[in-house]
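J.: Got a predicted model here, sequence first, then my questions.
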Amino acid sequence: MILPNGGPPLNRNIINTFFLFLGNPQLRIFRPSWFLTLVRPGKEQPQDTVQFRIPMEMTKYDVKNYLEKIYNVPVGVVRTRIQFGSNKKRNHLNQKVKQPDYKVAYVQLALGQTFTFPDIFPEKERAPAEGSMEEMQEKFMEDEKQRQKLDPRRGGVTEWFGL
């Protein structure tokens with residue numbers, strides 16, 4: 001049978017040349033429609049607990065499968081809760097504006113697995129350069145603190161009562 005527009009016959013198999021080469025499998029990329037955001041916890045949590053911000057439609061089973069299948073992370077238990085958005089802000093018309101609600105997932109990793117949040121921006125001790133404006137400002141502040149320090153011989157009485 002031939003198509004009316006002059007296309008290839010329907011009873012003939014159309015073979016893509018991509019599949020003809022041995023050792024060249026079709027690469028498939030799985031792109032989920034959800035995303036998890038790793039969040040630094042506000043309160044101290046155990047080493048085996050990780051906190052994520054997830055979409056409202058995701059269930060704890062979806063979170064567990066997502067982490068195990070895509071990232072190969074062994075997951076023990078998943079707990080979720082809904083965090084209500086703040087409604088304390090006001091817009092330019094003085095109307096209350098509510099932030100959207102979001103879901104938080106607490107993932108407890110399998111036995112023996114730990115996670116520590118990476119320290120991306122460590123604090124560095126900076127020594128100001130010799131003769132720079134910062135060094136002079138620091139020296140001035142130290143002199144001011146020394147000058148304003150109370151005299152221990154006065155027994156806690158301020159300078160106002162002195163002669």
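T.: Great, that's in hand. Worth saying up front: this structure is predicted, and the values here are computed from it rather than measured. Numbering: from 1, shown residues only.
J.: mind checking how far Ile120 is from Val50?
T.: Separation of Ile120 from Val50 (CB to CB, to the nearest Å): 16 Å. The C-beta positions use only the backbone N, C-alpha and C, and glycine is treated the same way.
J.: What is the least confident helix or strand in this protein?
T.: helix 133-148 (a mean of 89; mean pLDDT, DSSP states H and E).
J.: What residues sit buried inside it?
T.: Under the neighbour-count criterion of 16 or more other CB atoms under 10 Å, helix 133-148 has nothing buried.
J.: again with stretch 99-112
T.: By neighbour count on 16+ other CB under 10 Å, the buried set for stretch 99-112 is 103-109.
J.: re the thing from before, contacts for the least confident helix or strand of the chain?
T.: Outside helix 133-148, the residues that touch it by CB atoms under 8 Å, 6 or more residues apart in numbering are 128-129.
J.: chain center to that helix, what's the gap?
T.: Here helix 133-148 shows a centroid-to-chain-centroid distance of 39 Å under the convention CA atoms, centre = their mean, to the nearest Å.
J.: and what of stretch 154-163?
T.: With CA atoms, centre = their mean, you get 54 Å for stretch 154-163.
J.: for stretch 63-70, same thing?
T.: Relative to its parent chain, stretch 63-70 has a centroid offset of 18 Å by CA atoms, centre = their mean.
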